[in-house]
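**Q** sharing a sequence plus its predicted fold:
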Amino acid sequence: MKKVLTYLKSYAFWIVVCVALLFGQAMCDLSLPNLMSNIVNVGIMQSGIEDSAPKAISEDGMKLMKTFMSDSDRRLVEDHYTFVAAGNPDYTDDYPESLNTNMYVLREDVPEMGGAFGRAAMTFLNFMRQTAAQDGQQAETPADSSSLTEGLEDIDFAPLYAMQPQLDQMPDEAFASARETAAAMDESTLDQVGTVMVRQFYSELGVDTDAMRSRYIWITGLQMLALTLAGALATILVGLLAARIGAGIARGLRHDVFSRVESFANAEFDRFSTASLITRTTNDITQVQMLFTMGIRMICYAPIMGIGGIVMAVGKSVSMTWIIALGVVILIGLVLVIFAVAMPKFKMVQKLVDKLNLVTRENLSGMMVIRAFGTQRFEEDRFERANGDLTRVNLFVNRVMAFMMPAMMFMMNVISLVIMWVGAHQIDASTMQVGDMMAFMQYAMQIIMSFLMIAMMFIIVPRAAVSADRIAEVLATEPSVKDPENPQTLGGRAKGRVEFRHVSFRYGNAEDDVLHDISFTAEPGQTIAFIGSTGSGKSTLVNLIPRFYDVTEGEILIDGV
């Protein structure tokens, strides 16, 4: 495998470009669930209002909210809001009712401001429910954040503003219980309740909140579309570059394998059959090409998506990460079982392809002999056995691989159901928003698909490694017949006088010589016959003349050279 990996050096620059494009594609894919979550949480449920701290609020609204704030939150608000008298023309475009209403404008936004207004809004809601309960009215405990905001969406603030003097006279301890309840609630729930209050304050100032919602959804949707197009472009470019890199490596391998085979003598052809060399030059190189074409995309893309997906999913819900961990463990276990069952068969396929090629080649090249001796039925049975063995192994491998995808899809659907089940309970407990659950589900699928891609590479890599080793075996084989460093040529004086001087020859690691101490001279135009039984070495002796084999001992001279 190391020998084949050296062919990547020529494409190092383009591999770096592919990795950069894959990183960009992963960032685009990881951003889409978060934007979808924003559309649901902010665009739909919060009317496009991103922060629970209003950018502008009427004077009466500010007094009401400060009533339910703690001392620290009240000081924070007073330090960052500026009073604007009614009729100021600088704000009439954004807030039409500012012509007739005094208001406060946010001078400098700080991260803590949203929490201050969120806690104040939740304290107000809790206080109103406690007051209703004390008056004997039914006050149900809200089941989720949407139930929390039901009473706020249609509330009329005019009577509340009229009650401001009574609220100012109440001791701060009257709001302590409501504040403690609000402080214990999840930040996302406080933000959602706060944004409902902000929507009412904006409506007081003449802001078209429906237009705000539509504008936010459109802008976020266009961002998702742009990221999708960018990701698609990166995918296309990576696919193109990976295909060119894979094809280039395959071309280089075929060139080098063919060049090496051209230098082989008969000794190497005895070691590698013609059928095996054909398989190594075609099928094995195709396996390596597929590894690089798919591996450049999967090996780089899957870890980025997996790690990025885990980080993003934890940001959405730490308490549900056990679902992803469980899914990944089951996935790895399933892949390991499939790997253990199918991997030995992958290695068998290559050998069976060699055998089928060998039988086919022998049948085609020896067709006349087969017909002459009437062995058609025997050769047909021989071919059927080779073909049947390959077919059975391929069917087994394909059945195992065909089982994997439905099993993966079933597992992913089960994980989706578990996420929805657990997420629904968290939404019911006001600890999670609907959009966050949807985004978490998407991240879970991305993480599982990343591990699935890694698992697929564990199947593809060993199979390609077997092919790469078979290719490297050919490339590493040195020809047994080598040209001398300073060869002599006959030029135009060649006559064809062949002389054997005490020539001995043995095959490979054989213990005995096939030819031993052979000496003779064949003059130009002279006919010499070699007579002997089958296996006596006649063909071997003739093959020594064109140097298909090198002699073990002695020397052969052509015109004295």
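**A** Arrived safely, thanks for sending. Since the structure is predicted, the reported quantities are computational estimates derived from the model, not experimental observations.

**Q** where does the prediction get shaky in this structure?
**A** By pLDDT under 70, the low-scoring segments of the chain are 1, 135-154, 487-493, 560-561.

**Q** how about the strands of it, start to end?
**A** 56-58, 81-84, 103-106, 498-505, 515-522, 553-558 (DSSP state E).

**Q** so which of these is nearest I245?
**A** strand 498-505 (46.5 Å; CB to CB). Where C-beta positions appear, they are placed from N, C-alpha and C, glycine not excepted.

**Q** buried set for that closest one?
**A** V498, E499, F500, V503, F505 (16 or more other CB atoms under 10 Å).

**Q** OK, contacts around the first one?
**A** Neighbour list for V498: T521, A522, I545, I556, L557, I558 [criterion: CB atoms under 8 Å, 6 or more residues apart in numbering].

**Q** so it bridges to which residues?
**A** Assessed by DSSP bridges, V498 has beta-bridge partners A522, I558.

**Q** so which of the strands of the chain is the most packed in?
**A** Of all the strands of the chain, strand 56-58 has the most neighbours on average by mean count of other CB atoms under 10 Å, namely a mean of 24.

**Q** sorry, back to before: in CSV, list the buried residues of strand 498-505 along with distance to L125.
**A** Below are the buried residues of strand 498-505 laid out as CSV (distance: CB to CB, whole Å):
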residue, distance to L125
V498, 110
E499, 113
F500, 110
V503, 107
F505, 102
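
**Q** just to revisit the earlier point, out of the contacts of V498, flag the one nearest to F440.
**A** I545 (78.1 Å).

**Q** one step back: looking at the strands of the chain, which is closest to N387?
**A** Closest to N387 of these is strand 498-505 (CB to CB; 38.7 Å).

**Q** what's the angle from that closest one to strand 553-558?
**A** For strand 498-505 against strand 553-558, the angle by axes from the mean of the first three to the mean of the last three CA atoms, to 10 degrees is 160 degrees.

**Q** report the distance from stretch 7-23 to the chain centre.
**A** 16 Å (CA atoms, centre = their mean, to the nearest Å).

**Q** revised request: answer the last question for stretch 167-179.
**A** On the basis of CA atoms, centre = their mean, stretch 167-179 sits 55 Å off its chain's mean C-alpha point.

**Q** can I get that stretch in CSV, CA atoms only?
**A** Provided in CSV are the C-alpha atoms of stretch 167-179 (Å, rounded to 0.1, in the frame of the first residue of the first chain):
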residue,chain,number,x,y,z
LEU,A,167,-47.7,48.6,41.8
ASP,A,168,-45.2,51.2,42.8
GLN,A,169,-46.6,51.3,46.3
MET,A,170,-46.2,47.5,46.7
PRO,A,171,-43.2,46.4,48.7
ASP,A,172,-40.4,44.6,46.8
GLU,A,173,-41.0,41.4,48.8
ALA,A,174,-44.3,41.1,47.0
PHE,A,175,-42.4,40.1,43.8
ALA,A,176,-39.8,37.9,45.5
SER,A,177,-41.6,34.6,44.9
ALA,A,178,-42.3,35.5,41.3
ARG,A,179,-38.6,36.5,40.8
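
**Q** flag every buried residue along that stretch.
**A** Per 16+ other CB under 10 Å, stretch 167-179 contains these buried residues: L167, F175, A178, R179.

**Q** what's that stretch in contact with?
**A** Under the criterion CB under 8 Å, 6+ apart, residues L64, T67, F68, S70, R119, M122, T123, F124, N126, F127, Q130 lie in contact with stretch 167-179.

**Q** need the contact list for the nearest residue to K63 once chain neighbours are set aside.
**A** Nearest non-adjacent residue to K63, counting by CB to CB, 6 or more residues apart in numbering: Q164, 5.8 Å away. Contact analysis of Q164 by CB under 8 Å, 6+ apart lists D60, K63, L64, T67.

**Q** and the second one, how many residues sit next to it?
**A** Which is K63. When counting by other CB atoms under 10 Å, one arrives at 15 neighbours for K63.

**Q** what of the last one?
**A** Under the neighbour criterion other CB under 10 Å, T67 is assigned a count of 20.

**Q** for V105, see how far away it is.
**A** Here T67 is placed at a distance of 20 Å from V105 (CB to CB, to the nearest Å).

**Q** please tell me how far the residue nearest to the spatial centre of the chain sits from V414.
**A** Central residue of the chain (CA atoms, centre = their mean): A302, 3.0 Å from the mean position. Distance, A302 to V414, by CB to CB: 22 Å.

**Q** again with G61
**A** Taken as CB to CB, the span from G61 to V414 is 48 Å.

**Q** tell me which of the two has more neighbours.
**A** G61 (24 against 12).

**Q** now do stretch 502-515: everything it contacts.
**A** Looking at stretch 502-515 with CB under 8 Å, 6+ apart, the contacting residues turn out to be 267, 270, 516-519, 537, 540-541, 544, 549, 551-556.

**Q** please repeat the previous calculation with a cut-off of 7 Å.
**A** For stretch 502-515, contacts defined as CB atoms under 7 Å, 6 or more residues apart in numbering pick out 267, 516-519, 537, 540-541, 544, 549, 551-554, 556.

**Q** now do stretch 543-561
**A** So stretch 543-561 is contacted by 265-267, 480-481, 488, 490, 494-495, 497-506, 513 (CB under 7 Å, 6+ apart).

**Q** identify the residues contacting Y161.
**A** D60, L64.

**Q** the same query, at a cut-off of 10 Å, please.
**A** Applying CB atoms under 10 Å, 6 or more residues apart in numbering to Y161 gives the contacts S58, E59, D60, G61, K63, L64, L167, E204.

**Q** any chance of those in TSV, with distance to Y7 too?
**A** Shown next, in TSV, are the contacts of Y161 (distance: CB to CB, whole Å):
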residue	distance to Y7
S58	72
E59	75
D60	76
G61	71
K63	76
L64	73
L167	79
E204	71
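
**Q** can you tell me which two in those are farthest apart?
**A** Across the contacts of Y161 (CB to CB), the longest gap, 18.1 Å, separates L167 and E204.

**Q** which residues in the stretch 151-300 of the chain form helices?
**A** Secondary structure of the stretch 151-300 of the chain by DSSP state H, counting those that start in this stretch: the helices cover 157-162, 164-169, 176-183, 187-204, 209-262, 266-271, 274-279, 285-316.

**Q** R470: which of those is closest?
**A** helix 274-279 (8.1 Å).

**Q** which helices and strands does the closest one pack with?
**A** helix 209-262, helix 321-365, helix 434-475 (3 or more CB pairs under 10 Å, 6 or more residues apart in numbering; DSSP states H and E).

**Q** deepest-packed of the ones you listed, please.
**A** Mean neighbour counts for those (mean count of other CB under 10 Å) peak at helix 434-475, with a mean of 20.

**Q** so which elements touch that helix?
**A** helix 2-5, helix 12-38, helix 209-262, helix 266-271, helix 274-279, helix 285-316, helix 321-365, helix 376-428.

**Q** contacts for the fourth one next, please.
**A** With contacts defined as CB under 10 Å, 6+ apart, helix 266-271 is touched by 260-261, 264, 277, 473-474, 477-481, 507-508, 540, 543, 546-550.

**Q** so among these, which ones count as buried?
**A** R260, V261, F264, L277, V474, T477, S480, T540, F548, Y549.
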